[in-house]
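**Q** Curious how this folds, go ahead:
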Amino acid sequence: MTLSPAYRLAATILHGFDEYRSRFKQITLDARRRFQDAAWREAQQASAERIDLYQQKVDETLARVRRTFEHDILTHCECWREAKHHYSQLIDQRLDYELAETYFNSMFCSIFHHRHIRDDWMFVYSSRAGAPHHSGIELCRHHPVEGDWAQAIRAALSGADFEVPFVDIERCSDLAQQFLEANLPASLCDGENVEVELLKSVFYRNKGAYLVGRIVNGEEQVPLVLPILHEDDRGLRLDTVVIEPDEVSIIFSFTRVYFQVDATVPGEFVNYLQVLMPDKPISELYAAIGFFKHGKSEFFRALNHQIARREDKFIIAPGVRGMVMAVFMLPSHRTVFKIIKDRFDPSKDMSRDNVRDKYSLVKRHDRVGRMADTQEFSYLVSRRDHFDPDCLEELLRVAPSTVYLKDDKVIIKHCYTERMMTPLNLYIEQCDEDEMRAVLKDYGNAIKQMAAANIFPGDMLLKNFGVTRHGRVIFYDYDEVCYLTECNFRHIPEPLYPEQELADEPWYSVGPNDIFPEEFGPFLFADVRLRKLFYELHSELFDADYWKGLQQAINHGQVIDVYPYRNKQRFSREPGGLTW
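**A** Next comes the predicted model:
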């Protein structure tokens, strides 16, 4: 029996997808060993490798397809229509069918350079959008409370089957019991049928392992996250208990590196997570567990749906206009779109490729909850009347090589998308004194935590940071980021005579990577009142020795702890109580 070229094309693409999934699972499953061995540097490398893996496998499959099939076959849309039909049948019984569809889309877009986006030829919409299959696989384990929270938590911790023992599992369980009895509503704390329900798969990220699930009593529930850390070289400990929905959402934030977790049935796994975090988009939850390419597919589908509702139009994002990027937004979708301008401000000595390299660096790096994740799109197409006229005029003016018109369509050749935030400079103009103090404290913490992860933001102006709906300060302008270890932090030399201080030019030499933290104050804050408050909160940021100390720690291989929950929530490491 001779198989058609379309069938063979579908089978070749699926073979490439299987290779991707096999390696993805190997990297993910090895997270357990890396955590137990405290192999933190290896964990960082594995995270970057897994992010790179998708494009690597697409490129390998693309090369195989081009070697196997004639150009006329690959560029014939009717062949892809038939290939899509065969592919749908080949993946029909798969538990990861939606990921396989996205892989097919990546191949189609690679051949057609992101043009001809039609559901006839690729999976613009999922093949199972109407009636997805249910695997019947049990995702969770259950631990009845029966009036004894300590035993339920002890069973939950033991059920994770870590090879490294807990230093004192009894104390961990007692601390959890004290926390839950003090913070749960009575109906969940004392109910007869209360149980702890946890996903069987452990979530690994950075130095932590997380047990994720919920506390349930009939129809009532609260989310539950149990973060587990190493207690020096002695074993494991429970670091805290997280039950607030907003705090759980922050742990799964778009500002963090993706979890390593075994999700055998990705769709059902994500649906469970959305029960715990109903305000978080499906696209972000797929990305949070490592399937960021399928997260992009879900984002695209949600965006198309929102645009079709015609509730609003694309407008220029509020805030100071960028010197490198033009930023616009669809307000109802909580998303901003960033386009690289054709010409940069003269002070920006860089190229378009430099900017794209910076965004790629952040994508692959540990974002420590302080840098927004981005999705990269090519050839986005929308109707002209979906744009506010002033917005469209601005985009056509500053980026004519990227944004152009074709009949009634606006075509965007390349852009990045990010979650919408309130620019920090605008937030400060609108907040009261208490909010100002809190947000400036968090702004400094954001800079420190990025530095601990070996990232120097470069341009630290307030306009380059945003405030999330949870009140967290996030960095989102990456055109000047670099590794902290590449910087040369210096003290300003003492002038030899008074006239030097009054001169227009500095009396000392300045190299291309030289940074003088003593100059940060006037540079960041024109308002002296804000400058004084920030110095009171974060005086060490103005000291070159502080930065040099971080560099030394990083160069010595130290992976600095940055926790995805507030320090005051963490359990005391000394016997006798909690420190939430």
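
**Q** For the stretch 1-150 of the chain, which segments count as helices?
**A** For the stretch 1-150 of the chain, the helices defined by DSSP state H, counting those that start in this stretch cover 5-29, 31-36, 40-68, 71-74, 77-90, 97-112, 149-158.

**Q** For the shortest one, list every residue counted as buried.
**A** Same thing as helix 71-74. 73, 74 (16 or more other CB atoms under 10 Å). No exception for glycine: its C-beta is placed from N, CA and C like everyone else's.

**Q** and it, what other elements does it pack with?
**A** Here helix 71-74 touches helix 5-29, going by 3 or more CB pairs under 8 Å, 6 or more residues apart in numbering; DSSP states H and E.

**Q** in the helix it packs on, what counts as buried?
**A** 5-10, 12-14, 16-17, 20-21, 24, 27-28.

**Q** Next, the angle helix 77-90 makes with that helix.
**A** Orientation note: helix 5-29 sits at an angle of 50 degrees relative to helix 77-90 (axes from the mean of the first three to the mean of the last three CA atoms, to 10 degrees).

**Q** Remind me what helix 5-29 packs against, helices and strands.
**A** helix 40-68, helix 71-74, helix 77-90, helix 97-112.

**Q** follow-up on the earlier one: what's the most buried one of the helices of the stretch 1-150 of the chain?
**A** helix 97-112 (a mean of 22; mean count of other CB atoms under 10 Å).

**Q** Extract the CA atoms of that one and return them as CSV.
**A** Listed next in CSV are the C-alpha coordinates belonging to helix 97-112 (Å, rounded to 0.1, in the frame of the first residue of the first chain):
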residue,chain,number,x,y,z
TYR,A,97,-3.2,16.0,21.7
GLU,A,98,-3.3,19.8,22.2
LEU,A,99,0.5,20.0,22.4
ALA,A,100,0.8,17.9,19.3
GLU,A,101,-1.6,20.3,17.4
THR,A,102,0.6,23.2,18.4
TYR,A,103,3.7,21.3,17.1
PHE,A,104,1.9,20.8,13.8
ASN,A,105,1.2,24.6,13.7
SER,A,106,4.8,25.4,14.4
MET,A,107,5.8,23.3,11.3
PHE,A,108,3.2,24.9,9.1
CYS,A,109,4.3,28.4,10.2
SER,A,110,7.9,27.5,9.6
ILE,A,111,7.1,26.5,6.0
PHE,A,112,4.8,29.4,5.2
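
**Q** what packs against it?
**A** Against helix 97-112 (3+ CB pairs under 8 Å, 6+ apart) you get helix 5-29, helix 40-68, helix 77-90, helix 266-276, helix 292-309.

**Q** how about these in TSV, adding distance to residue 569?
**A** Below are those laid out as TSV (distance: least, CB to CB, whole Å):
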stretch	distance to residue 569
helix 5-29	28
helix 40-68	22
helix 77-90	47
helix 266-276	18
helix 292-309	28
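
**Q** Quick one: closest of the ones you listed to residue 438.
**A** helix 266-276 (26.5 Å; CB to CB).

**Q** Tell me the pLDDT of residue 505.
**A** pLDDT recorded at residue 505 is 68.

**Q** Is it possible to get JSON lines of the helices and strands packed on helix 5-29 that adds distance to residue 142 and mean pLDDT?
**A** Shown next, in JSON lines, are the helices and strands packed on helix 5-29 (distance: least, CB to CB, whole Å; pLDDT from 0 to 100):
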{"stretch": "helix 40-68", "distance to residue 142": "30", "mean pLDDT": "96"}
{"stretch": "helix 71-74", "distance to residue 142": "50", "mean pLDDT": "90"}
{"stretch": "helix 77-90", "distance to residue 142": "36", "mean pLDDT": "94"}
{"stretch": "helix 97-112", "distance to residue 142": "27", "mean pLDDT": "95"}
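
**Q** rewinding a little: minimum distance to residue 121: which of the helices and strands packed on helix 97-112 has it?
**A** helix 77-90 (4.3 Å).

**Q** out of the buried residues of helix 5-29, which one sits closest to residue 351?
**A** residue 20 (31.5 Å).

**Q** so that closest one sits right up against residue 52, yeah?
**A** No. Using CB atoms under 8 Å, residue 20 is not in contact with residue 52, being 11.5 Å away.

**Q** overlap in contacts of these two?
**A** Residues touching both residue 20 and residue 52 (CB atoms under 8 Å, 6 or more residues apart in numbering): there are none.

**Q** and the helices of the stretch 1-150 of the chain as TSV, adding distance to residue 542?
**A** Listed next are those as TSV, based on distance: least, CB to CB, whole Å:
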stretch	distance to residue 542
helix 5-29	41
helix 31-36	37
helix 40-68	29
helix 71-74	58
helix 77-90	58
helix 97-112	47
helix 149-158	43
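
**Q** And these: which comes nearest residue 427?
**A** Using CB to CB, the helices of the stretch 1-150 of the chain put helix 40-68 closest to residue 427, at 30.7 Å.

**Q** Check the protein and tell me which residue is nearest its centre.
**A** Centroid-nearest residue in the chain, with CA atoms, centre = their mean: residue 254, separated by 3.4 Å.

**Q** Now do the SS call for it.
**A** coil (DSSP: H, G, I helix; E, B strand; the rest coil).

**Q** Spatially nearest residue to it (excluding sequence neighbours)?
**A** residue 373 (4.6 Å; CB to CB, 6 or more residues apart in numbering).

**Q** Tell me which residues touch that neighbour, please.
**A** By CB under 8 Å, 6+ apart, the residues touching residue 373 are 254, 255, 287, 292, 363, 367, 418, 419.

**Q** change it to 10 Å
**A** Counting by CB atoms under 10 Å, 6 or more residues apart in numbering, residue 373 makes contact with 253-258, 284, 287-288, 292, 295, 362-363, 367, 417-419, 476.
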